[in-house]
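Participant: I need the structure of the sequence given here:
(2 chains)
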Amino acid sequence: MKKFLSGNEAFAEGIRLARPEVISAYPITPQTIVVERLSEMVEDGSLKAEYVHVESEHSALSCAIGASAAGARAFTATSSQGLLYMAECLYYASGGRFPIVMMNADRSTALPWNIYGDQRDSLSQLDSGWIQAYAENAQEALDLALMSYKIAEDKRVSTPFMANLDGFVLTHTYETADIPEREQADRFLPPYETDNRMDFDNPKNMAFSAGPDYNYIFKYKEHEGILAARQVINETEKEFAEIFGRSYTGLVENYLTDDAEYIIVTLGSIAGLCRETADKLRSQGVKAGVLRIRYMRPFPNQEIAETLKNAKAYAVLEKDISFGNEGTVFTNVNSALKKADVNVKGYNYIGGLGGRNISSADIEKIFSDMENGAETVNFIGIGGENNG
Amino acid sequence: MANKTADSISRDEFFYGHKACAGCGGSLAVRAALKVLGPRAVSVLPAGCMSAVGFNFPQLCFSNNSIISTFAGTASMLTGVEAGLRAKGYKDFTAVGFAGDGGTADIGIQALSGAIDRNDNIIYICYDNEAYMNTGIQKSGLTPFGAKTTTTPAGKNIHGNIRPKKNMFEIAAAHGIPYAATASVGYINDFIAKVQKASQIQGTKYIHVIAPCPTGWGVPVDETVNIAREVVDSGLWYLAEYENGEFTLNHKPKQFTSVEEYLRKQGRFRHLSDEDIKIITDSRDKKWEYIGKSFNYK
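Facilitator: Sure, this is the predicted structure:
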């Protein structure tokens, strides 16, 4: 059924279809509409779930961990300060291998206070052991909500899943999205089955301590789990395409990159404008392309190296900065190329912090800089800065 | 159901083989409570003494389903476990939390308040040993006035902790909680009866049990139970319940035993001046005046 809805509402529709059994909810702009819609679905009976009004984000995730330890499918959502406030629990959920799904509305972090979109909140948590996906539009957000549980709960993976939607630009923008039928969704996503849960016939001590020897092994297994998601994401998308007729392209999405000389690497909703700009430049004879990173963890090392290896230059456009260094996505992309012995000139464009607009003219300039040369690290609208 | 006592509770052990210090009052409270609640108890314990002594992979010492929570997250994880088990169709189980004084009155009070506000069907037991003992005896919000800890040294200028204990029992009650109680491991049958009663009440239950830590209090390890009785007998702690909006005193010492004697036998209070002891005694008398006016007593 096609419906005109916002990114938040689309994600909530996807979660309804995924049948979470426990939802812990705490409001924060620009995520709030997700928990509002879910409460309405519980009220009208279209979603049967325990809806818990927690008193903080820390409790939101702590509650979800408890529910997952009881064997229930758990959902929560957050943004920005809320994500940072629950940070302790992020590591707890991943270390305990609890496949919770959480939507994060990507938003700037204080200070200065700002409610608008950038990706500094989620990118600061790349090391927390969660799968991190970045949606571009409402349809992808909805589909991610459904796929997220299947990926996270796969026994090879058993890792929590953070689905990121750009604050306001995606969460609050209305688009037409197709809402799958309940029967299709149930065929795609079976109920959660796990051994990683309490059991009255065989009681368990969970979330325990482990000394230096064992701790290292547990952490290695955790790494293996999130790496296994690479394969599981591909399998899941294949099955998704068979049932729903929409296909996705794994950890990255390439656009006109096959013969591209200049490629923008980015993530989230800004990718649409990048593609539009690439189209325009192509009509002027510039061989422009776009690589959209869909998953920051597991990181698409091979895919990125493969796409960029024949380009003359690439530029990472990101709404993030690791103060004192450069954009974190740029760091990750460079590492991927270095490991694959790909030597292509790379630039970093940091912009959109605190929700500041990135225009098509800005993106055209990134493509022309790639042709003509620029500083390595550049701040859109401010200028080039050396990254020391 | 007949009231359970120390003699009639289960002979089965649910918290066994842990490495708590000799004379640990906290482990006594956990052990007794789980014997009352039985194998269908699901326990949540935050990072703290009880999880540190009992949850070291591969030596795991709970024979019922148990999980460590974050330090701040005892009540919120308890909520999630209870909701999750209910969502999976389980009915006959008891979700119980065991957190220390710091985990309850300081870092965990927000989550606890949220759980009581939601009236989640859980039992929350605070085992109060009156300081952060797991990290080596630092002041918590439940450290009593005058106590020497490693962050409230007793010197010439300051005589240990300068603030009284937070009143967690009445803070819990002020939420309009279905059941709250105070207890002491020195009056173990009273504690056992309260755990049993709590298990039969729907909604949130809060039990605050004094559980001495010989290491932190500076008393011999075979004195735990005696000192836990004496704190009640001297009137510095009291056994009470809150139910249906009313406070009830369960036990009224005919005559208080000596406050000074109680204090002087503990290393943490040995530095107190006569003036300090008078402040403590006066505050006890004021508290009992309030109890006399506001609590029922049958």
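Participant: From now on I want contacts and neighbour counts done on CA atoms only, so please keep to that.
Facilitator: Fine.
Participant: what's the burial count for the closest residue to B:I162 other than its chain neighbours?
Facilitator: Leaving out its chain neighbours, the residue that sits closest to B:I162 by Cα to Cα, 6 or more residues apart in numbering or on different chains is B:F145, at 5.5 Å. Using other Cα atoms under 10 Å in any protein chain shown as the criterion, B:F145 is surrounded by 19 other residues.
Participant: Give me every residue in chain A lying close to chain B.
Facilitator: In this structure, chain A approaches chain B at residues A:21-22, A:49-50, A:53-56, A:58-60, A:62-72, A:88-89, A:92, A:198-200, A:203-211, A:214, judged by Cα under 8 Å from any Cα of the partner chain.
Participant: Recalculate using a threshold of 7 Å.
Facilitator: If contact is defined as Cα under 7 Å from any Cα of the partner chain, the residues of chain A in contact with chain B are A:21-22, A:50, A:54-55, A:59, A:62-72, A:198-200, A:203-210.
Participant: doesn't the residue nearest to B:I162 fall inside a strand?
Facilitator: No. Counting by DSSP: H, G, I helix; E, B strand; the rest coil, B:F145 is located in no strand; its state is coil.
Participant: Could you double-check that it lies in contact with B:I158?
Facilitator: No. With contacts defined as Cα atoms under 7 Å, B:F145 does not count as touching B:I158, sitting 11.3 Å away.
Participant: So which bits of the stretch 1-150 of chain B are right by chain A?
Facilitator: So the stretch 1-150 of chain B meets chain A at B:40, B:55-57, B:60, B:62-68, B:73, B:76-81, B:83-85, B:87-88, B:111, B:114 (Cα under 7 Å from any Cα).
Participant: What residue in the stretch 101-250 of chain B comes nearest to chain A?
Facilitator: Scanning the stretch 101-250 of chain B for the residue nearest chain A gives B:G114, at 5.5 Å (criterion: Cα to the nearest Cα).
Participant: Sticking with that residue, tell me its helix or strand.
Facilitator: The secondary structure element spanning B:G114 is helix B:109-118 (assigned by DSSP states H and E).
Participant: repeat for B:G97
Facilitator: According to DSSP H and E, B:G97 maps onto strand B:94-100.
Participant: Just the C-alphas of that strand, formatted as PDB.
Facilitator: Output for strand B:94-100, consisting of C-alpha atoms alone and laid out as PDB, is shown next (Å, rounded to 0.1, in the frame of the first residue of the first chain):
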ATOM      1  CA  THR B  94       9.300 -13.000  40.200                       C
ATOM      2  CA  ALA B  95      11.500 -10.300  38.900                       C
ATOM      3  CA  VAL B  96      13.800  -9.100  41.700                       C
ATOM      4  CA  GLY B  97      16.600  -6.600  41.900                       C
ATOM      5  CA  PHE B  98      19.400  -6.500  44.400                       C
ATOM      6  CA  ALA B  99      21.300  -3.300  44.500                       C
ATOM      7  CA  GLY B 100      23.500  -1.700  47.100                       C
END
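Participant: who touches it?
Facilitator: When contacts are defined by Cα atoms under 7 Å, 6 or more residues apart in numbering or on different chains, strand B:94-100 is touched by residues B:40-46, B:74-75, B:78, B:82, B:122-128.
Participant: Buried ones only from the residues you listed, please, as a ChimeraX command.
Facilitator: A single ChimeraX command suffices to select whichever of the contacts of strand B:94-100 are buried according to 16 or more other Cα atoms under 10 Å in any protein chain shown:
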select /B:40,41,42,43,44,45,46,74,75,78,82,122,123,124,125,126,127,128
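Participant: Out of the contacts of strand B:94-100, which sit inside helices?
Facilitator: Taking DSSP state H, the ones among those that sit in helices are B:74-75, B:78, B:82.
Participant: closest to chain A among these?
Facilitator: Of all the ones in helices among the contacts of strand B:94-100, chain A sits closest to B:L78, with 6.5 Å by Cα to the nearest Cα.
Participant: wouldn't the closest one be in contact with B:V44 here?
Facilitator: Yes. Counting by Cα under 7 Å, B:V44 is a contact partner of B:L78 at 6.1 Å.
Participant: just the CA coordinates of the longest helix along chain B, formatted as CSV?
Facilitator: The helix that spans the most residues within chain B, counting by DSSP H, is helix B:274-294. Only the C-alpha atoms of helix B:274-294 are listed here, as CSV (Å, rounded to 0.1, in the frame of the first residue of the first chain):
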residue,chain,number,x,y,z
ASP,B,274,30.7,13.2,72.6
GLU,B,275,29.1,16.1,70.7
ASP,B,276,28.9,14.1,67.5
ILE,B,277,27.2,11.3,69.4
LYS,B,278,24.8,13.7,70.9
ILE,B,279,23.9,15.0,67.4
ILE,B,280,23.2,11.4,66.3
THR,B,281,21.2,10.6,69.4
ASP,B,282,19.1,13.8,69.0
SER,B,283,18.4,13.0,65.4
ARG,B,284,17.3,9.5,66.4
ASP,B,285,14.9,11.0,69.0
LYS,B,286,13.5,13.4,66.5
LYS,B,287,13.0,10.6,64.0
TRP,B,288,11.1,8.5,66.6
GLU,B,289,9.0,11.5,67.6
TYR,B,290,8.0,11.6,63.9
ILE,B,291,7.4,7.9,63.7
GLY,B,292,5.3,8.1,66.8
LYS,B,293,3.1,10.7,65.2
SER,B,294,2.9,9.4,61.6
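Participant: As PDB, could you dump the C-alpha coordinates of stretch B:161-175?
Facilitator: Taking Å, rounded to 0.1, in the frame of the first residue of the first chain, the C-alpha atoms of stretch B:161-175 are listed here in PDB:
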ATOM      1  CA  ASN B 161      30.600  12.200  56.800                       C
ATOM      2  CA  ILE B 162      28.800  15.500  57.400                       C
ATOM      3  CA  ARG B 163      25.400  14.500  56.100                       C
ATOM      4  CA  PRO B 164      22.700  12.100  57.300                       C
ATOM      5  CA  LYS B 165      21.400   9.100  55.300                       C
ATOM      6  CA  LYS B 166      18.900   9.800  52.500                       C
ATOM      7  CA  ASN B 167      15.500   8.500  53.500                       C
ATOM      8  CA  MET B 168      15.000   6.000  50.700                       C
ATOM      9  CA  PHE B 169      12.100   4.200  52.400                       C
ATOM     10  CA  GLU B 170      10.000   7.400  52.500                       C
ATOM     11  CA  ILE B 171      11.200   8.500  49.100                       C
ATOM     12  CA  ALA B 172       9.900   5.200  47.700                       C
ATOM     13  CA  ALA B 173       6.700   5.600  49.600                       C
ATOM     14  CA  ALA B 174       6.200   9.100  48.400                       C
ATOM     15  CA  HIS B 175       5.700   7.700  44.900                       C
END
